[in-house]
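Trainee: okay, here's the prediction I keep looking at, along with the sequence it came from:
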Amino acid sequence: MQQILIVEDEPAIRRVLVKILTEENSSYKIVEAVNGVDGLQAFNKQEFNLVLCDIKMPRMDGLEVLEEIKKINVDVPVVMISGHGDLETAVESMKKGAFDYISKPPDLNRLLNTVRIALDSAKLKVENKQLKKKVAKGFQMIGKSAAITEIKNVIEKVAPTDARVLITGPNGTGKELVAHWLHQKSDRSKANFIEVNCAAIPSELIESELFGHVKGAFTSANKDRAGKFEAANGGTLFLDEIGDMSLSAQAKVLRALQENKVQRVGSDKDLKVNVRVIAATNKDLKTEIDNKNFREDLYHRLAVIMIKVPSLDERKDDIPLLVDYFAKKIAKENGTSAKVFNQTAVDELMSYNWTGNVRELRNVVERLLILGGDEISKDDVELFASK
Ligand SMILES: Nc1ncnc2c1ncn2[C@@H]1O[C@H](COP(=O)(O)OP(=O)(O)OP(=O)(O)O)[C@@H](O)[C@H]1O
């Protein structure tokens, strides 16, 4: 059901609007208000998917109603109804957040199209918000150890700035998670978070991956292609495993960071980009610099803020929380009910050496959920954890 509020002082126009909409779609439920004040009262009382609002009305005009509605719920589309002579106001209302406007007398097709598009777009907005929430939930950072608490504090402080961040730590400790959080908690979260795993891309392709290419730049370049820097414009570019990047790509990344400009491979045209770069590595970049595998100037550009994610061994008190979190998460993903890990099982898991790795702990939990008994005990851990 779609709830539509019509705010219109002229009874004849109101009647036409109601007739057209109810005849078009029986799921449209209409509430009528005869002036702006009544309209706002109705809007405050119940939820609406769409508002149609006349511009010229006594007591409170359409623009005021629009402004008030946007204060209450910015996501509900408002379509203005403009009479003869207030076209300029209609245009102004668009600047104030109106979705669109229709003219009086309402043309049937135009009205129905506008209503349909406004309702669809509102639905998309809501879905998008829900999806974002879901994504944010999928990136929960579990842990109350001193190390994780400190990392969360640093994220809170650093995320809203544009400072570059270098995240270090062993494989599977949560470096990517930290990068996601930095993005989610920044003003850039509306734009893209683009990830490039520098270790997974052959060195001859990394430049084209990062900067794009123009048609004919190399044999397989059969059309122009944007690179990851361009894709991340306005957002965040996460360069994972940056310690594995070739020296020639490092030189180009350095230039991109210094000048906020990139050139597609095969082109000499500069493209301006506004990208926040977050990098991660499990290597000791200082050693890589000594061994001439990593550029020192690039290191200093990247490592404005350093976040070191410690191995799980250094924060064992997070293991019970992580086991519980993964057990519930995996059960939910598989549509099964969550099994309990009893204290003996958790103690046994805590006694192991976890040289990295949260990812490994997650895999062990999954294995135990599949192979273990109804309640996971120390015996199950000894039998199936295979550490
Ligand atoms: N504190 C945490 N809370 C919840 N999940 C976590 C935590 N740390 C890591 N994970 C999960 O563990 C897995 C590995 O984490 P992530 O990919 O962030 O590690 P990484 O250090 O980037 O690994 P790599 O070095 O291999 O790229 C992911 O599924 C991630 O969601």
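Mentor: Yep, that arrived. Residues are numbered from 1 along each chain as shown.

Trainee: mind checking how far the helix ranked longest in the chain is from the chain centre?
Mentor: Secondary structure of the chain per DSSP state H: the longest helix is helix 108-138. Remark: helix 108-138 is offset 17 Å from the chain centroid, using C-alpha atoms, centre = their mean, to the nearest Å.

Trainee: show the subsequent helix or strand relative to it.
Mentor: Later in the chain than helix 108-138, the nearest helix or strand by DSSP states H and E is helix 146-158.

Trainee: after that next one comes which helix or strand?
Mentor: Helix 146-158 is succeeded, C-terminally, by strand 165-168 (DSSP H and E).

Trainee: is the ligand within reach of that next one?
Mentor: No: for strand 165-168, no contact with the ligand is found by C-beta under 6 Å from any ligand atom; the gap never falls below 7.8 Å. (Glycine included, C-beta is placed from N, CA and C.)

Trainee: may I have that strand as PDB, with CA atoms only?
Mentor: Extracted C-alpha coordinates of strand 165-168, given in PDB (Å, rounded to 0.1, in the frame of the first residue of the first chain):
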ATOM      1  CA  VAL A 165      46.500   5.900   6.900                       C
ATOM      2  CA  LEU A 166      48.900   3.000   6.700                       C
ATOM      3  CA  ILE A 167      47.600  -0.200   8.400                       C
ATOM      4  CA  THR A 168      50.100  -2.900   9.300                       C
END
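
Trainee: tell me the strands beside it, with direction?
Mentor: strand 276-281 (parallel), strand 305-308 (parallel) (DSSP bridges).

Trainee: what sits up against it?
Mentor: For strand 165-168, the surrounding residues in contact (C-beta atoms under 8 Å, 6 or more residues apart in numbering) are 158, 175, 178-179, 182, 242, 278-282, 285, 299, 302-309.

Trainee: and residue 309, how many neighbours?
Mentor: Counted with other C-beta atoms under 10 Å, residues neighbouring residue 309 total 24.

Trainee: what sits against it?
Mentor: By C-beta under 8 Å, 6+ apart, the contact list for residue 309 reads 147, 151, 167-169, 173-175, 178.

Trainee: neighbour-wise, which of the residues you listed leads?
Mentor: residue 167 (27 neighbours).

Trainee: just the pLDDT at that one, thanks.
Mentor: In this model, residue 167 is scored at 98, pLDDT.

Trainee: roughly how far apart are it and residue 105?
Mentor: According to C-beta to C-beta, to the nearest Å, residue 167 stands 61 Å off from residue 105.

Trainee: do residue 293 as well
Mentor: When distance is defined by C-beta to C-beta, residue 293 is 74 Å away from residue 105.

Trainee: between these two, who's got more neighbours?
Mentor: For the pair residue 293 and residue 105, the greater number of neighbours falls to residue 293 (16 against 13), based on other C-beta under 10 Å.

Trainee: which residues does residue 382 contact?
Mentor: Residue 382 neighbours (C-beta under 8 Å, 6+ apart): residue 348.
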